[in-house]
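Q: How does the following fold in three dimensions:
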Amino acid sequence: MLEYIDGMQIHYEVIGEGKPVIMLHGCACDYRLMLGCMEPVFNMCEGYQRIYIDLPGMGETKAPLSEGSSDKIMELLITFIKRVTKGSFLIAGESYGGYLARGILTRLSQDIDGFLMICPVIVPGHNLRNVPGKEVLQYDEEFLRGLSADERESYCGYAVVANQDIFQRYQEEILPGLKMADSSFIEKLQNDYAFSFDVDRKSRELRFEKPVLLLAGRQDNCVGYQDLWSIIEDYPRGTFAVLDMAGHNLQIEQSEIFNSLVKEWIQRTEKNSIQ
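A: Residues are numbered from 1 along each chain as shown. Now for the predicted structure:
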């Protein structure tokens, strides 16, 4: 599906009917990242309309370089959300999508009934993040030897657990978006990655008091987990989970516990709405 905003075509996919759930993927990926990890959960939960968005410059959403900033992408998403939702909704963001969702929350909190962050960016500057060193915990070396050098280099950069099953999900859910991303747009965005406002201060002042789930990988060498813990008090109804044997691709490396925690978050939002 396409939504036209300020001359741009925003590509998105919609599955199911009911309460809207806005899904925001990470930088340089596309909607398939969120679809791959969230659909198994929502297949167990009825009554939700899942809205999977391709962010500007990624997937099938083409964007001019002038839109390559977090401020502009956030404003675009707010306009999009207001058009495609009526009433309250849930929002979920992975990595950069989690950062964008935090900004959106400061503007639309009255309409948001639940907030999920998966390995979110908390500190925009890569060199300022508190991250662990690269650590390999479970690699199937025999399988990895069968990959090409390019495949192995691309896949293993963030991998903590690497085997054939996880690699297949990586190929289906993550790699296609990486291949489609507009490299010039991504470069421009990386140079304008931080919001122009203090999202931490605004979140602290807001104190969003609806169900939240914050998920981090213990071995995530991209965004880390300690910076995420630093904002836990901004979310009084927040569950915080750090998963061992999980890096930045937590959702595919620890899929069973991921599914369980996300399902429990959905159930908390349902209980909260009937009180």
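Q: going forward, measure contacts and count neighbours with C-alpha atoms only.
A: Noted.
Q: Could you tell me the phi and psi values at the closest residue to Pro124 other than its chain neighbours?
A: With Cα to Cα, 6 or more residues apart in numbering as the criterion, Pro124 has its nearest non-adjacent residue at 5.5 Å, and that residue is Ala194. The phi and psi values for Ala194, taken as degrees, to the nearest 10, are phi -90, psi 150.
Q: What of Asp111?
A: phi -100, psi -10.
Q: count of neighbours near the nearest residue to it once chain neighbours are set aside?
A: Spatially, and ignoring its direct neighbours in sequence, Asp111 is nearest to Ser88 (4.4 Å; Cα to Cα, 6+ apart). Residues contacting Ser88 under the criterion other Cα atoms under 10 Å number 15.
Q: could you list every residue that touches the residue nearest to Pro124?
A: Taking Cα atoms under 8 Å, 6 or more residues apart in numbering, we find Ala194 in contact with Ser69, Ser70, Asp71, Pro124, Gly125.
Q: Distance check, the closest residue to the third one other than its chain neighbours against Ala216.
A: Among residues not flanking Asp71 along the chain, Phe195 sits closest, at 5.5 Å (Cα to Cα, 6+ apart). When Cα to Cα, to the nearest Å is applied, the distance between Phe195 and Ala216 equals 22 Å.
Q: Who has more neighbours out of these two?
A: Neighbours were counted for Phe195 and for Ala216 using other Cα under 10 Å; Ala216 has more, 29 against 16.
Q: Let me see the contact set for that one.
A: Ile118, Cys119, Pro120, Gly224, Tyr225, Leu228, Ala241, Val242, Leu243, Gly247, His248, Leu250.
Q: Wait, a strand at it?
A: Yes - assessed by DSSP: H, G, I helix; E, B strand; the rest coil, Ala216 belongs to a strand.
Q: any idea of the pLDDT on Lys271?
A: On the pLDDT scale, Lys271 is placed at 89.
Q: hmm, who's touching the helix or strand harbouring it?
A: In this structure, Lys271 is located in helix 255-273 according to DSSP states H and E. Under the contact criterion Cα under 8 Å, 6+ apart, helix 255-273 has outside partners 37-38, 40-42, 44-45, 113-114, 210-213, 250-251.
Q: mind redoing it with 7 Å?
A: Here helix 255-273 makes contact (Cα atoms under 7 Å, 6 or more residues apart in numbering) with Val41, Asp113, Gly114, Pro211, Leu213, Gln251.
Q: and the third one, which of the three is it?
A: Secondary structure, three-state DSSP: Gly114 is strand.
Q: correct me, but it touches Leu214?
A: No - the criterion here is Cα atoms under 7 Å, and Gly114 misses it with Leu214 at 11.3 Å.
Q: Neighbour count: the two, which is higher?
A: Gly114 (28 against 25).
Q: I'd like the distance between that one and Lys134.
A: Separation of Gly114 from Lys134 (Cα to Cα): 32 Å.
Q: any low-confidence regions in the protein?
A: For the chain, applying pLDDT under 70 flags the ranges 273-275.
Q: can you give me the helices in it?
A: 32-42, 70-84, 96-108, 141-145, 149-156, 164-169, 175-180, 183-190, 199-206, 226-229, 250-253, 255-273 (DSSP state H).
Q: now the first one, how far from the chain's geometric center?
A: By that I understand helix 32-42. Helix 32-42 sits 11 Å away from the centroid of its parent chain (Cα atoms, centre = their mean, to the nearest Å).
Q: what do you get for stretch 263-275?
A: 20 Å.
Q: Please export the alpha-carbon coordinates of it; PDB is fine.
A: Provided in PDB are the C-alpha atoms of stretch 263-275 (Å, rounded to 0.1, in the frame of the first residue of the first chain):
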ATOM      1  CA  LYS A 263       2.800 -11.600  23.900                       C
ATOM      2  CA  GLU A 264       2.800 -10.800  27.600                       C
ATOM      3  CA  TRP A 265       3.200  -7.100  26.700                       C
ATOM      4  CA  ILE A 266       0.200  -7.200  24.400                       C
ATOM      5  CA  GLN A 267      -1.900  -8.900  27.200                       C
ATOM      6  CA  ARG A 268      -0.900  -6.100  29.600                       C
ATOM      7  CA  THR A 269      -2.100  -3.500  27.100                       C
ATOM      8  CA  GLU A 270      -5.400  -5.300  26.900                       C
ATOM      9  CA  LYS A 271      -5.800  -5.500  30.700                       C
ATOM     10  CA  ASN A 272      -4.900  -1.800  31.000                       C
ATOM     11  CA  SER A 273      -7.500  -0.800  28.500                       C
ATOM     12  CA  ILE A 274     -10.400  -2.400  30.400                       C
ATOM     13  CA  GLN A 275      -9.600  -1.000  33.800                       C
END
